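> Dropping the sequence and predicted coords here.
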Amino acid sequence: MTGLVQLFLAVGVGGFPGTDHVVASPDGVHAVVWQEPTASDPEFTHHLLMLDKRTNRRSPMMPFLRNTRVAWAPSGRYVAVTCRCGSDFSDVSVFDTQHSVKVVSLTKELQRRVGRIHVLDNHHAYVEALGWLDDTTLRIHLWGYGERSPKGFDWQYVFELSGRARLVSAKDGLPSER
């Protein structure tokens, strides 16, 4: 076998809606809690809350309409939430448990660091967190298709929360495992 094999630290991973309503952090201090839509909500909006298990305090994280995937960093300080917000797009938000108002939108921050990513102009453009490489580094997957990329695109970046972002793979065509 040749080439680089990269392992993701898969700790505290889950998704909503699903059978579970809680995804605990690896250190056991926090948890992401899924709050189901209320019967009176015409939009059928789900909500994610951050639970501090030491105080039992719940803080709002984000609303969502479709589904999310949650991936905790190994230390439990950061959590990446991939929101499949629509049929034609998804985005990743990273939350810092030490600063409840500090949220990083990866699509915006990635383009701030590397410049405009034109494939994200496609009608179907998905940004997803593949997993944590360490406590502050995520592997990000960009894929989709549309007017700019009719045959599709399949790109990956390594994104450091307090550093740089670098393209590690760029292929034409859709991901083969979809």
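Everything's here; your move. Treat the numbers as computed from the prediction; the structure is a model and nothing was measured. Residues are numbered from 1 along each chain as shown.
> Any idea what Asn67 is bridged to?
Beta bridges link Asn67 to Arg84, judged by DSSP bridges.
> wait, doesn't it sit right on Leu48?
No - using CB atoms under 8 Å, Asn67 is not in contact with Leu48; the gap is 11.2 Å. No exception for glycine: its C-beta is placed from N, CA and C like everyone else's.
> Counting neighbours, go ahead and name the busier of those two.
Counted by other CB atoms under 10 Å, Asn67 and Leu48 do not tie: Leu48 has more neighbours, with 22 against 15.
> need the contact list for the closest residue to that one other than its chain neighbours.
In this structure, Leu48 finds its nearest non-sequential neighbour in Met61, 4.2 Å apart by CB to CB, 6 or more residues apart in numbering. By CB atoms under 8 Å, 6 or more residues apart in numbering, the contact set of Met61 is 32, 47-50, 81, 95.
> Mind doing that once more with 7 Å?
32, 48-50, 95 (CB atoms under 7 Å, 6 or more residues apart in numbering).
> How about residues contacting the longest strand belonging to the chain?
Longest strand of the chain, by residue count under DSSP state E: strand 124-134. Strand 124-134 has contacts (CB under 7 Å, 6+ apart) with 6, 8-10, 71, 73-74, 80, 82, 88-92, 106-107, 119, 138-146, 158.
> rerun that using 8 Å as the cut-off
Residues outside strand 124-134 that contact it (CB under 8 Å, 6+ apart): 6, 8-11, 13, 69, 71-74, 80-82, 84, 88-92, 106-107, 110, 119-120, 138-146, 156, 158.
> repeat for stretch 155-167
78, 94, 104, 106, 109-110, 113-114, 117, 119, 130, 133, 136-143, 168-171.
> re earlier: quick one: average pLDDT of the longest strand of the chain?
Mean pLDDT, strand 124-134: 95.
> Show me which residues of it are buried.
Buried residues in strand 124-134, counted by 16 or more other CB atoms under 10 Å: 124-133.
> Any chance of a markdown table for the residues you listed, columns distance to Asp20?
Listed next are these as a markdown table, based on distance: CB to CB, whole Å:
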| residue | distance to Asp20 |
| --- | --- |
| His124 | 29 |
| Ala125 | 29 |
| Tyr126 | 24 |
| Val127 | 24 |
| Glu128 | 20 |
| Ala129 | 19 |
| Leu130 | 21 |
| Gly131 | 19 |
| Trp132 | 20 |
| Leu133 | 25 |
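> buried set for stretch 27-41?
27, 30-35.
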